[in-house]
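Q: got a predicted model here, sequence first, then my questions.
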Amino acid sequence: MACEIKEKHAKTLIEVMEQTSSWKLHPEKKPAFGSSSEAKEYVETHNEPLCIEIPVVGADKKLSVKVTSSGEDMVFSHISFDEPVETKVHSSHLKLISSSVADMLNAKLPEGQKVASF
């Protein structure tokens, strides 16, 4: 598994995350970014994975998805389930990020639970 994210992938992800108020972007093991500009400044000098914190609807629970790069793909991984899951999205397919990540997580949640919409 990759352990870093390319700057262009990170900036693309930041732009996509500007469209949501429920999903939060943060550096690995650090609090969420306060703004898009703060996130962009951070990724210009750091290449470690970013994480997306995604709430589960109707539960006091949040899932964290690690985002790394593999070639031209962004890799979204969740390792807290019994079996780790991941999905890849080509950097040119921005519209697929939210649905791909939500589908990956919803498939592993107990029946009746789902992640918050983007």
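A: Received it, and whenever you're ready, just let me know what you need.
Q: please make it C-alpha for all contacts and neighbour counts, starting now.
A: Noted.
Q: residue 78 pairs with what?
A: Beta-bridge partners for residue 78, by DSSP bridges, are residue 85.
Q: how many neighbouring residues does it have?
A: 19 (other Cα atoms under 10 Å).
Q: the one 10 residues further on too?
A: Using other Cα under 10 Å, residue 88 has 19 other residues around it.
Q: can you check residue 107 too?
A: 12.
Q: how about stretch 48-63: buried residues?
A: Across stretch 48-63, burial judged by 16 or more other Cα atoms under 10 Å covers 48-56, 63.
Q: cool, stretch 8-25 as well?
A: In stretch 8-25, counting by 16+ other Cα under 10 Å, buried: 9-14, 17, 23-25.
Q: quick check: closest non-adjacent residue to the spatially most central residue of the chain.
A: With distances taken as Cα atoms, centre = their mean, residue 52 lies nearest the centre of the chain, 3.7 Å away. Closest residue to residue 52 apart from its sequence neighbours, by Cα to Cα, 6 or more residues apart in numbering: residue 25 at 4.6 Å.
Q: and residue 7, by the same measure?
A: Spatial nearest neighbour of residue 7, chain neighbours left out: residue 43 (6.1 Å); criterion: Cα to Cα, 6+ apart.
Q: repeat that for residue 68.
A: residue 5 (4.4 Å).
Q: tell me which helix or strand the one you found sits in.
A: Using DSSP states H and E, residue 5 falls within no helix or strand.
Q: for it, what are its contacts?
A: Residue 5 is in contact with 47-50, 67-69, 74, counting by Cα atoms under 8 Å, 6 or more residues apart in numbering.
Q: show me the shaky parts of the chain.
A: Per-residue confidence for the chain (pLDDT under 70) gives these ranges: 1-2.
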